[in-house]
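> Provide a 3D model corresponding to the input given below.
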Amino acid sequence: MTDLTRRTVLTTGALAVGTSVLAAAEPAAANPTSGAGRGRVPDTRTTTVYLVRHGQTWLNKAGLAQGWSDAPLTTTWAPTAQTIGRNIAQRHGRLTAAYSADMVRHFQTASGILQGARSSLQVTRDERLREVAFGGFEGSAGTTMWDAAAALLGYSGMAAALAAGRSVFDLVDAIPNANPYPADTVAEKSATVAARMLAALEDVVSHVSNVASPAILVVSSGLSISCLFDAWGQASRLPAAGIGNGAVNQLTHSRGRWTVDSVNDLSYTS
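As a prediction, this is how the structure comes out:
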C-alpha cells in the first residue's frame, strides 16, 4: 500500500464556491475566458494537467456511495497507481507539481503515481477536488441513491431515467431533494461541483512554479470530473459507464483557455 508519510500541503476552506465562476464553454476550447486578467499565469505559457480519477477503493468494490465519505485503495489496485506514474513519466517526462483532493483515496493515488514517476514532489491536498457530496446516502448502496433520485424525477429507477433520456447530471441534481437527512448532511448539485473544480484548477495553474511548460498531476473523483466536463460542453465525450478508476484526462491551459485533449484514457493503468 502507498506510503502515507509523504509530505503534503493541505488547502482548505474553499468548498462554498458559487456557480458564477463558470463561463460559457466551447467544445474544442472550453471555458475560453477562465483565468484571464489575473496576472499570475503568463499568457504565452501552456500548462498540461493530468486530471486522474482515484484508484478503486473498498467502497467502490462493495458498490457503496462514496462522495465525501472515504476508504483506502484496495490492496490489489494500489500498485496500479505506480504504473500510472511510470507511464506518465515515460510518455510525457517530468511532473512539476502534484495536487489531490483531501481524502485518503486521492492522496494514496497521487502518492503512488509520484512514486512510479520517481518524483520527489509533495502532494498539495485541496478539498475542492473532492467527489460530489451525497448527503445521507453516503455509505449506502449506490443503487439505492440513484434509484431514489430517479423516483423524485418520476421514474421507476436509474435505468428507466437514463433510458428516457435523462442524464446522470439530472440525477445528481435530484439527490439533494432526495437526501434522507437534509438537516444534518450536505448533498451537492452538479453546477456547484463544477464551479469548485474549476476554481481549484485555476489556482493550480496559477500557482505552479515558474517553468516554461508546466506538467501538473491532479487527482480527483470520477463524478466531479464529469460535472466539470459537462459544464464545459464535453458531456458527449464521457463514457456511458463513467470515468474509470485511474483514468487519465489530459487538459491544457493556455492564454486563459482550457482545452480537453483526452478523456478516460485507461491505457496508463497497464
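> ramachandran coordinates for the residue nearest the centre of the chain?
Compute the mean C-alpha point of the chain, and by C-alpha atoms, centre = their mean the closest residue is S220, 3.2 Å away. According to degrees, to the nearest 10, the main-chain angles of S220 amount to phi -130, psi -150.
> what is the neighbour count of the residue lying closest to it once chain neighbours are set aside?
Spatial nearest neighbour of S220, excluding adjacent residues (C-beta to C-beta, 6 or more residues apart in numbering): L129 at 4.3 Å. C-beta coordinates here come from the backbone N, C-alpha and C atoms, glycine included. Residues within reach of L129, counting by other C-beta atoms under 10 Å, total 27.
> what's the separation between L129 and S140?
Relative to S140, L129 is positioned 23 Å away (C-beta to C-beta, to the nearest Å).
> do the same with Y50
Where S140 is concerned, Y50 sits at a distance of 32 Å (C-beta to C-beta).
> which parts of this protein belong to which domain?
8-132+188-269, 134-187 (automatic domain parsing).
> need the winner for burial among those.
Of the domains of the chain, the one with the most neighbours on average (mean count of other C-beta atoms under 10 Å) is domain 8-132+188-269, at a mean of 19.
> average pLDDT across that domain?
Taken as a whole, domain 8-132+188-269 has an average pLDDT of 87.
> still on that earlier bit, can you pull the contacts of the residue nearest to S220?
Applying C-beta atoms under 8 Å, 6 or more residues apart in numbering to L129 gives the contacts 99-102, 106, 197, 200, 218-221, 224.
> pretty sure H253 sits in a helix.
No. Counting by DSSP: H, G, I helix; E, B strand; the rest coil, H253 falls outside a helix, being strand.
> from T144, how far out is it?
Distance of H253 to T144, given as C-beta to C-beta: 38 Å.
> circling back to that earlier point, the residue nearest to the centre of the chain: what's it in contact with?
51-54, 100-101, 106, 129-131, 197.
> what's the closest of the residues you listed to A240?
Taking C-beta to C-beta as the measure, A240 lies nearest R53 of the contacts of S220, at 15.6 Å.
> bridge partners for the closest one, pull those for me.
R53 has these beta-bridge partners by DSSP bridges: S220.
> ok, now the one 4 residues further on?
Note on T57: beta-bridge partners L73, judged by DSSP bridges.
> pretty sure it contacts R105?
Yes. Taking C-beta atoms under 8 Å as the definition, T57 is a contact partner of R105 at 4.8 Å.
> find the residues that touch each one of the two.
Residues touching both T57 and R105 (C-beta under 8 Å, 6+ apart) are 70-73.
> among those, which one lies nearest to G63?
Comparing the shared contacts of T57 and R105 against G63 with C-beta to C-beta places A71 closest, at 12.2 Å.
> was I right about that closest one contacting W58?
Yes. At 4.1 Å, A71 counts as touching W58 under the criterion of C-beta under 8 Å.
> and of the shared contacts of T57 and R105, the nearest to A212?
Set against A212, the nearest of the shared contacts of T57 and R105 by C-beta to C-beta is L73 (34.0 Å).
> so what's D230 closest to, chain neighbours aside?
F169 (5.4 Å).
> enumerate every residue touching that neighbour.
Here F169 is in contact with 190, 226-227, 230, 235 (C-beta under 8 Å, 6+ apart).
> make JSON lines from these and add distance to N245 and secondary structure to it.
JSON lines is the format used below for the contacts of F169 (distance: C-beta to C-beta, whole Å; DSSP: H, G, I helix; E, B strand; the rest coil):
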{"residue": "S190", "distance to N245": "21", "secondary structure": "helix"}
{"residue": "S226", "distance to N245": "14", "secondary structure": "helix"}
{"residue": "C227", "distance to N245": "17", "secondary structure": "helix"}
{"residue": "D230", "distance to N245": "20", "secondary structure": "helix"}
{"residue": "A235", "distance to N245": "20", "secondary structure": "helix"}
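> right, I'll call it a day here.
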